[in-house]
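Engineer: Give me a 3D structure for the following:
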Amino acid sequence: MRYAIYFTPPSNDALLKVAANWLGRNAFSGEPVKMPAIRSLATDEIAQLTEEPRRYGFHATMKAPFRLDEKHTENDLLSALMHFASSASPVTIPRLKLHAIGPFFALVPEEPVAELNQLANDVVVAFDRFRAPLTEAEIARRRPERLSEAQRHNIERWGYPYVFEEFRFHMTLTGPVEEKDRARVERTLDEFFTPLLDDAVEVANLALFVEPEKGAPFQIHSLHPLTGGKAASARASRAVGRP
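Structural biologist: From the prediction side, this is the model:
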């Protein structure tokens with residue numbers, strides 16, 4: 001079993017509903033969602049494009065999937081997450097945009113949001129004590145030979161390459177898209193999501209996701225509203241000596 005701490009919009013949010021429609025699955029219910037009928041992409045094409053992100057559900061990573069350290073229980077993790085959320089502040093993303101990250105597409109902030117990066121940093125630090133060390137096989141799956149020195153250090157120290165200076169908030173919409181198909185897929189995604197992107201996105205919760213067994217779809221265990229102030233940020237950074 002693995003756990004992850006993600007941001008996802010609440011179940012009644014319009015963006016969440018449209019994204020679940022696109023991905024073909026709702027992580028709140030765990031149930032399949034009928035995929036959209038789009039003239040430019042066949043249903044089986046959409047299913048193939050979304051196979052990888054469908055398993056994880058619509059989300060932005062705050063603390064990447066991890067196995068629980070043997071010293072801690074799920075209740076320990078849940079209690080810590082509830083406490084963290086009660087002392088952390090919501091963050092507003094004024095606008096999202098569609099963006100290609102390498103060969104896949106995602107929704108990202110149109111402009112950098114420093115408070116969002118700080119929130120992600122704090123989550124990484126605060127919950128690392130619950131993370132079991134990566135196995136050699138898990139490290140190998142990250143293909144460290146293809147990563148930068150900083151990213152390799154992050155794997156060794158934090159279990160994930162894309163944290164702190166390497167972090168980019170994104171909500172994945174596709175797996176890898178072949179170069180010959182990218183323009184068509186980008187146009188389709190733009191038409192599908194643009195009507196929703198003028199609205200600000202409130203990062204007002206942290207969600208605990210669970211992978212019940214290896215390779216199983218991730219499910220939302222619980223949603224935790226961010227209801228506190230900013231004092232936790234400095235405390236979390238100081239706890240590991242980060243500035």
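Engineer: At which residues are the helices of the protein located?
Structural biologist: 14-23, 43-49, 51-56, 74-86, 114-126, 136-141, 149-158, 182-193, 231-239 (DSSP state H).
Engineer: Put together a markdown table for those helices, with distance to residue 100, mean pLDDT and mean neighbour count on each row.
Structural biologist: The C-beta positions use only the backbone N, C-alpha and C, and glycine is treated the same way. Output for the helices of the chain, formatted as a markdown table (distance: least, C-beta to C-beta, whole Å; pLDDT from 0 to 100; neighbours: other C-beta atoms under 10 Å):
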| stretch | distance to residue 100 | mean pLDDT | mean neighbour count |
| --- | --- | --- | --- |
| helix 14-23 | 16 | 97 | 20 |
| helix 43-49 | 13 | 95 | 16 |
| helix 51-56 | 14 | 97 | 18 |
| helix 74-86 | 32 | 98 | 16 |
| helix 114-126 | 20 | 98 | 20 |
| helix 136-141 | 23 | 91 | 11 |
| helix 149-158 | 20 | 95 | 15 |
| helix 182-193 | 7 | 96 | 16 |
| helix 231-239 | 31 | 37 | 15 |
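Engineer: what would these look like in TSV with distance to residue 93?
Structural biologist: Below are these laid out as TSV (distance: least, C-beta to C-beta, whole Å):
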stretch	distance to residue 93
helix 14-23	11
helix 43-49	24
helix 51-56	19
helix 74-86	18
helix 114-126	7
helix 136-141	30
helix 149-158	24
helix 182-193	14
helix 231-239	18
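Engineer: quick one: which of those is nearest residue 210?
Structural biologist: helix 74-86 (8.5 Å; C-beta to C-beta).
Engineer: Any idea which of the helices of the chain gets closest to residue 207?
Structural biologist: The nearest among the helices of the chain, by C-beta to C-beta, is helix 74-86 at 9.3 Å.
Engineer: Go ahead and measure how far the closest one is from the middle of the chain.
Structural biologist: Distance of helix 74-86 from its chain centroid, counting by C-alpha atoms, centre = their mean, to the nearest Å, is 18 Å.
Engineer: swap in stretch 96-110?
Structural biologist: Distance of stretch 96-110 from its chain centroid, counting by C-alpha atoms, centre = their mean, is 13 Å.
Engineer: State the mean pLDDT of that stretch.
Structural biologist: When pLDDT is averaged over stretch 96-110, the result is 97.
Engineer: Can you get me the start-to-end distance on that stretch?
Structural biologist: Distance across stretch 96-110, first residue to last, is 5 Å (C-alpha to C-alpha, to the nearest Å).
Engineer: ok, and for that stretch, which residues are buried?
Structural biologist: Within stretch 96-110, the residues that count as buried by 16 or more other C-beta atoms under 10 Å are 96, 98-99, 104-109.
Engineer: Name the nearest of the residues you listed relative to residue 152.
Structural biologist: Ranked by distance to residue 152 (C-beta to C-beta), the buried residues of stretch 96-110 are led by residue 104 at 21.8 Å.
Engineer: What separation do you get for that closest one and residue 223?
Structural biologist: 26 Å (C-beta to C-beta, to the nearest Å).
Engineer: now residue 109
Structural biologist: Distance from residue 109 to residue 223, by C-beta to C-beta: 21 Å.
Engineer: With residue 137 instead?
Structural biologist: Per C-beta to C-beta, residue 137 is found 32 Å from residue 223.
Engineer: what's the answer for residue 169, then?
Structural biologist: 18 Å.
Engineer: which of those two has more neighbours?
Structural biologist: Using other C-beta atoms under 10 Å as the criterion, residue 169 and residue 223 rank with residue 169 on top: 22 against 16.
Engineer: so that one touches residue 113, yeah?
Structural biologist: Yes - between residue 169 and residue 113 there is a contact under C-beta atoms under 8 Å: 7.5 Å.
Engineer: Dump the buried residues of stretch 96-110 into CSV; add distance to residue 132 as well.
Structural biologist: Output for the buried residues of stretch 96-110, formatted as CSV (distance: C-beta to C-beta, whole Å):
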residue, distance to residue 132
96, 33
98, 35
99, 33
104, 28
105, 32
106, 28
107, 31
108, 30
109, 31
